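In: model this:
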Amino acid sequence: MSVETVMITGASSGIGLELARCFAADGSRLVLVARKGNVLEALAAELRKTHKIQTQVFTADLAHPESPARLLAHLQSAGLKVDVLVNNAGFGAQGKFAELPLGRQLEMLQVNITSLTHLTGLLLPGMIERRRGGILNVASTAAFQPGPGMAVYYATKAYVLSFSEALAEELTGTGVTVTAVCPGPTTTNFGTAANMHTLGLVKKVSMSAEAVACQGHRAFRSGKAVVINGFRNAFPAFLVRLLPRAAVRKIARRLNNVG
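Out: Model prediction:
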């Protein structure tokens, strides 16, 4: 069997970077995608040296609608067929919907939902045809409830989880799997980028990006459809199914520091 090719979006930091290290340890050929080309080049050099693998870098901003098609053209010109797509790129913003910049929230929809769906639609048919490979989507425990104070972000992650589970069922028997990884608070630059005002709380309960990536990688390799990282995150995700929706909204509002 030929060497597995894995494409990872948002690979320059956090969970995406650690997932790149996980797949590199498998001996996979990597295609690393992010906005920061210099950071990607440094990571690619590290992985080539440590694991003796082939690694390519593609600088792209998935907030631009044309980026998925450009990525596909890059892959085709390089003669690469992606076996595993890791949709990790994403971001959030804390604040009331009406008070946050609308343009930034529309970019969030583009990155977290539209580009993820677009890339999946471009690459999944080839996987099905070859009867191998899969999709690893990074969702969030935010997917399990509405999020006053981060309304669009929570909604995007609910989409990612629902989309992933539906695809996993559709692809039964094809040789292709889909896994949604649902981390809770994680030690990355996400909170800073989202301008979060609950960083003290987040730091107290955070998992490391390395731990989240390792669990997600193992779940993908074992063919699990959904993995929630850590009991501390899994229990609240279960609990919200039992509580009244109004109570869930109020709890989320309090946690997201909405006045």
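In: where in the chain is pLDDT low?
Out: Scanning the chain with the threshold set as pLDDT under 70 gives 1, 188-205, 230-231, 234-239, 248, 258-259.
In: hey, where'd the helices end up in it?
Out: Under the criterion DSSP state H, the chain contains helices at 14-25, 37-51, 67-77, 102-109, 116-130, 151-170, 190-193, 199-205, 209-221, 231-239, 245-255.
In: Could you export these as CSV, including mean neighbour count?
Out: Quick note: C-beta positions are derived from backbone N, CA and C, even for glycine. Shown next, in CSV, are those (neighbours: other CB atoms under 10 Å):
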stretch, mean neighbour count
helix 14-25, 24
helix 37-51, 16
helix 67-77, 15
helix 102-109, 14
helix 116-130, 17
helix 151-170, 19
helix 190-193, 16
helix 199-205, 12
helix 209-221, 21
helix 231-239, 14
helix 245-255, 14
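In: which one of these lies closest to Val138?
Out: helix 14-25 (6.0 Å; CB to CB).
In: That closest one - contacts with which helices or strands?
Out: If you count contacts as 3 or more CB pairs under 8 Å, 6 or more residues apart in numbering; DSSP states H and E, helix 14-25 packs onto strand 5-9, strand 29-34, helix 37-51, strand 84-87, strand 134-138, helix 209-221.
In: what about dumping the CA coordinates of it to PDB?
Out: Output of helix 14-25 as PDB, limited to C-alpha atoms (Å, rounded to 0.1, in the frame of the first residue of the first chain):
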ATOM      1  CA  GLY A  14      -2.300  24.300  19.000                       C
ATOM      2  CA  ILE A  15      -4.300  21.100  18.300                       C
ATOM      3  CA  GLY A  16      -3.500  21.200  14.600                       C
ATOM      4  CA  LEU A  17       0.200  21.300  15.200                       C
ATOM      5  CA  GLU A  18       0.000  18.400  17.700                       C
ATOM      6  CA  LEU A  19      -2.100  16.400  15.200                       C
ATOM      7  CA  ALA A  20       0.600  16.900  12.600                       C
ATOM      8  CA  ARG A  21       3.100  15.400  15.000                       C
ATOM      9  CA  CYS A  22       0.800  12.400  15.700                       C
ATOM     10  CA  PHE A  23       0.300  11.600  12.000                       C
ATOM     11  CA  ALA A  24       4.000  12.200  11.300                       C
ATOM     12  CA  ALA A  25       4.800   9.600  13.900                       C
END
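In: Would you mind getting the angle between it and strand 134-138?
Out: Calculated by axes from the mean of the first three to the mean of the last three CA atoms, to 10 degrees, helix 14-25 forms an angle of 150 degrees with strand 134-138.
In: contact partners of helix 14-25?
Out: Helix 14-25 has contacts (CB atoms under 8 Å, 6 or more residues apart in numbering) with 6, 8-11, 30, 32, 34, 43, 47, 50-51, 53, 55, 84, 86, 88-89, 136, 138, 181, 183, 186, 188-190, 209-210, 212-214, 216-217.
In: ok so, going back, nearest approach to Ala143 belongs to which of the helices of the chain?
Out: Of these, nearest to Ala143 by CB to CB is helix 151-170, at 3.8 Å.
In: who does the closest one touch, helix- and strand-wise?
Out: So helix 151-170, by 3+ CB pairs under 8 Å, 6+ apart, packs with helix 102-109, helix 116-130, strand 134-138, strand 177-182, strand 226-228.
In: Please tabulate those in CSV, including the columns distance to Gln76.
Out: What follows is those, written out as CSV (distance: least, CB to CB, whole Å):
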stretch, distance to Gln76
helix 102-109, 27
helix 116-130, 10
strand 134-138, 19
strand 177-182, 23
strand 226-228, 32
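In: Please identify which of these is closest to Ser164.
Out: Taking the helices and strands packed on helix 151-170 one by one with CB to CB, strand 177-182 is closest: 3.6 Å.
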